[in-house]
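>>> Just need the structure, nothing else, for what follows:
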Amino acid sequence: MAIKFKRSFIGYSPALVDERLSDLDQKFILKSLDLRQVLADQVNKRDLVKGNVDRLKKDLAAKLALQDEIARRLVSAHLKATEKVIEAIKDVEQNEAKIANSIGVQKKELQELCLSSSNINDGFLTLARYRTMLGGGKVGDEEHD
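Here you go, the predicted model:
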């Protein structure tokens, strides 16, 4: 923006310079007012954004606290459930041991009963042979007097 002043006999025309300076001063004042308004708008926008950021931080803090509480409760519940499962496994193992012991005792008793039964059966067979040798009949064929 080149400014051309008319030359006067001794330098430039003072009226043109004063007029031009006055125009520049008014343009400067208007531009300054415009810039101040833009700055005020930007400050307002910044304050609004800062308020939103602060609100979002508070919301986030509350949600993070809730998330931490939920995670703590979930871990606690998981640990309790795991303890119950471990206790149940131990109970099952103890019951299995008791049942195995009981089965072992019953098996031993059954073997003893089988041996006794076998001995009784052998005794009956021996008795039947002696009876046959002595001239008797079958067991159960007794003579009635």
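
>>> for the chain, what are the low-confidence residue spans?
For the chain, residues meeting the criterion pLDDT under 70 lie at 1-11, 136-145.

>>> show me where it has strands.
Listed in chain order, the strands of the chain (DSSP state E) span residues 7-8, 11-12.

>>> what does stretch 42-60 contact?
Residues from elsewhere that reach stretch 42-60 (CB atoms under 8 Å, 6 or more residues apart in numbering): none. Just so you know, the C-beta spots here come from the backbone N, C-alpha and C atoms, and that holds for glycine as well.

>>> Distance from the chain centre to that stretch, please.
33 Å (CA atoms, centre = their mean, to the nearest Å).

>>> what does stretch 106-118 give?
56 Å.

>>> Check stretch 54-66 too.
Using CA atoms, centre = their mean, the distance from the centre of stretch 54-66 to the centre of the chain it belongs to is 21 Å.

>>> Kindly report the same for stretch 108-124.
Remark: stretch 108-124 is offset 62 Å from the chain centroid, using CA atoms, centre = their mean.

>>> Make 250 the first number, not 1, from now on.
Got it, first residue is 250 now, which makes that one stretch 357-373.

>>> export that stretch as PDB, just CAs?
The C-alpha coordinates for stretch 357-373 follow below in PDB (Å, rounded to 0.1, in the frame of the first residue of the first chain):
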ATOM      1  CA  LYS A 357     -11.800-107.200  53.200                       C
ATOM      2  CA  GLU A 358     -15.000-108.200  55.000                       C
ATOM      3  CA  LEU A 359     -16.400-109.700  51.800                       C
ATOM      4  CA  GLN A 360     -13.200-111.700  51.400                       C
ATOM      5  CA  GLU A 361     -13.500-112.900  54.900                       C
ATOM      6  CA  LEU A 362     -17.200-113.800  54.400                       C
ATOM      7  CA  CYS A 363     -16.200-115.600  51.100                       C
ATOM      8  CA  LEU A 364     -13.500-117.500  53.000                       C
ATOM      9  CA  SER A 365     -16.000-118.400  55.800                       C
ATOM     10  CA  SER A 366     -18.600-119.400  53.300                       C
ATOM     11  CA  SER A 367     -16.100-121.500  51.500                       C
ATOM     12  CA  ASN A 368     -15.100-123.100  54.800                       C
ATOM     13  CA  ILE A 369     -18.700-123.800  55.600                       C
ATOM     14  CA  ASN A 370     -19.300-125.200  52.200                       C
ATOM     15  CA  ASP A 371     -16.300-127.400  52.500                       C
ATOM     16  CA  GLY A 372     -17.600-128.500  55.900                       C
ATOM     17  CA  PHE A 373     -21.000-129.400  54.400                       C
END
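
>>> Kind regards, and thank you for your time.
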